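**Q** Just the structure for this:
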Amino acid sequence: MSCWHNHEEYLYEQVKIDTIAPRFDLPAYDPIKDDETNISSEDVHGKWVVLFYYPADFTFVCPTELKDMADAKSQFDELWVKILAVSTDTIFSHRAWVKHEGLMKKFPYLMLADHNTEIAAAYNILDEKSGIAGRGTYIIDPHGICRGIEVTSGPLGRNSEELIRKITALQFMEAHPGTACPAKWALGAKTLRPSIKISGEIEGQLK
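**A** The predicted structure is shown next:
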């Protein structure tokens, strides 16, 4: 199967659903170790990954979102998902924000610094006038395929519970090829097997 690992041409191609996600290689701040590091798509090959783009450090909605993601860490860990927070700030700004903002206390995830904005552009989340990324969530499977894209308006915060529901469904469908998860699906609920034989009879399939 195609993957990040052997497709250099995907470095800056623009993101599209159900295709190879653009590769990345970025400096990052590790708030647990209080140190700088670097992370690339090669480092997370074979894992479920969420690129969690947010507009900027020292802003208003962003720390509430990241606190929500931090509070859900045990659930992401159970799903073997690696969360990567990303903005166009520097690693120095990331560190200062974590040290000063109470909601960022003990933030557990790497904070990537897409300061030259090339990766944000590849993920179609860059506001070129401001040089700031928008509020975008990208779910990437172990093969490097982008399985989920969510972009919300600047003032609108996201919800980790819905993200977890989506990842759970995506993992279920990967483990059970040919299945589809209907609206509001949760683990244990009925799924569908799309076929012309059930077209127009979905109500009955869900009973």
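**Q** Tell me who's in contact with residue 88.
**A** Counting by C-beta atoms under 8 Å, 6 or more residues apart in numbering, residue 88 makes contact with 56, 113-115, 117, 120, 126, 131-133. All C-beta spots, glycine's among them, are computed from the backbone N, C-alpha and C.
**Q** Just the pLDDT at the residue most central in space within the chain, thanks.
**A** Among the residues of the chain, the one closest to the centroid is residue 50, at 2.5 Å (C-alpha atoms, centre = their mean). At residue 50, the predicted lDDT confidence score is 98.
**Q** can you tell me which helix in this protein is longest?
**A** If you go by DSSP state H, the chain has its longest helix at helix 160-175.
**Q** gap between the helix or strand following that one and the chain center?
**A** Once helix 160-175 ends, the next helix or strand along the chain (criterion: DSSP states H and E) is helix 202-205. Relative to its parent chain, helix 202-205 has a centroid offset of 32 Å by C-alpha atoms, centre = their mean, to the nearest Å.
**Q** cool, and stretch 142-151?
**A** Centroid separation for stretch 142-151 versus its chain: 7 Å, with C-alpha atoms, centre = their mean.
**Q** ditto for stretch 174-192
**A** The mean C-alpha position of stretch 174-192 is separated from the chain mean by 21 Å, C-alpha atoms, centre = their mean.
**Q** what is the rounded mean pLDDT of it?
**A** Mean predicted lDDT for stretch 174-192 stands at 94.
**Q** helix, strand or coil for residue 69?
**A** helix (DSSP: H, G, I helix; E, B strand; the rest coil).
**Q** That one touches residue 83, doesn't it?
**A** Yes: the pair residue 69 / residue 83 is scored as a contact, 6.1 Å apart, by C-beta atoms under 8 Å.
**Q** Run through the protein and note the low-pLDDT ranges.
**A** Low-confidence regions of the chain, defined by pLDDT under 70, span residues 1-12.
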